[in-house]
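Peer 1: 3D model of this:
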Amino acid sequence: MKRSEVNAIMGQAAELIAAHGFCLPPFAWWSPEAFRARGQQAARVVEARLGWDITDYGQGDFDRVGLALFTLRNGRMPDLRAGGGMCYAEKLLISREGQLSPMHRHIVKAEDIINRGGATLAVELYGSDAAGGFARDRGGTVWCDGIARPFAPGEVIRLAPGESVTLMPGDWHAFWGEGGDVLVGEVSTVNDDLTDNVFCEPLGRFAEIEEDEAPRHLLVSDYETWLG
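Peer 2: Coordinates of the predicted model:
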């Protein structure tokens, strides 16, 4: 992805988020220079990989396969392993109409995917085989707002604003906006996008960025390169 495209997507995302009355934290608007100037003050933001995350999954076609996210908070994996402390995470996602977030599962993370507003969120589901692999012939059961929802292999459940689905490790899922763009909430156990995403097809989790202009705000995948 070109940096100019990433900058434009950030601007569009900010407008949609504001239109739904949601406010991002102050660090969402820091420039790269502001991050550097804050140094140790920003260390936890960087360590937890909080902030903007815009990806085309390495496919080079963001409008077709992609997702814009903002990680609002993220706990610590040692706390999760110990069973106490900051064991949770929260994200805000924008799923555009017809834009696929491709089929994947998580190894550790359990998550609630919540339609916070906009159009319908379509979620396609499959079960896992005994080794956790993608199984075209397996369904399962998820929870939708506390109600058990059995699903057949490849069934698409549709979430209206206010509705949610709870996905456990091993629940294969893909999703997209249907009938318009959707503001999506994700509440989960500790998030680790470096190691905890297993895709059905070989994909890259983060976009490769072509620097054709200066970044408006940094992506979480920029932190190591831009901040050291």
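
Peer 1: make it CA atoms for all contacts and neighbour counts henceforth
Peer 2: Fine.

Peer 1: who touches Ser128 in this structure?
Peer 2: Each residue near Ser128 by C-alpha atoms under 8 Å, 6 or more residues apart in numbering is listed here: Phe134, Ala135, Arg138, Gly170, Asp171, Trp172.

Peer 1: most neighbours of all those, which one?
Peer 2: Using other C-alpha atoms under 10 Å as the neighbour criterion, Trp172 leads those with 28 neighbours.

Peer 1: max-length helix in this protein?
Peer 2: helix 3-19 (DSSP state H).

Peer 1: ok, which pair from the contacts of Ser128 is furthest apart?
Peer 2: Within those, two members stand farthest from each other by C-alpha to C-alpha: Arg138 and Gly170, at 11.5 Å.

Peer 1: anything in contact with each of those two?
Peer 2: With C-alpha under 8 Å, 6+ apart as the test, Arg138 and Gly170 both reach Gly127, Ser128.

Peer 1: export only the CA atoms of the longest helix of the chain, formatted as PDB.
Peer 2: C-alpha atoms of helix 3-19 as PDB (Å, rounded to 0.1, in the frame of the first residue of the first chain):
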ATOM      1  CA  ARG A   3       1.500   5.800   2.400                       C
ATOM      2  CA  SER A   4      -0.800   8.300   0.600                       C
ATOM      3  CA  GLU A   5      -3.500   5.600   0.500                       C
ATOM      4  CA  VAL A   6      -3.000   4.800   4.200                       C
ATOM      5  CA  ASN A   7      -3.300   8.500   5.100                       C
ATOM      6  CA  ALA A   8      -6.500   8.800   3.100                       C
ATOM      7  CA  ILE A   9      -8.000   5.700   4.700                       C
ATOM      8  CA  MET A  10      -7.200   7.100   8.200                       C
ATOM      9  CA  GLY A  11      -9.000  10.300   7.300                       C
ATOM     10  CA  GLN A  12     -12.100   8.400   6.000                       C
ATOM     11  CA  ALA A  13     -12.000   6.200   9.100                       C
ATOM     12  CA  ALA A  14     -11.800   9.200  11.400                       C
ATOM     13  CA  GLU A  15     -14.900  10.700   9.800                       C
ATOM     14  CA  LEU A  16     -16.900   7.500  10.100                       C
ATOM     15  CA  ILE A  17     -15.900   7.000  13.700                       C
ATOM     16  CA  ALA A  18     -16.900  10.600  14.600                       C
ATOM     17  CA  ALA A  19     -20.200  10.200  12.700                       C
END
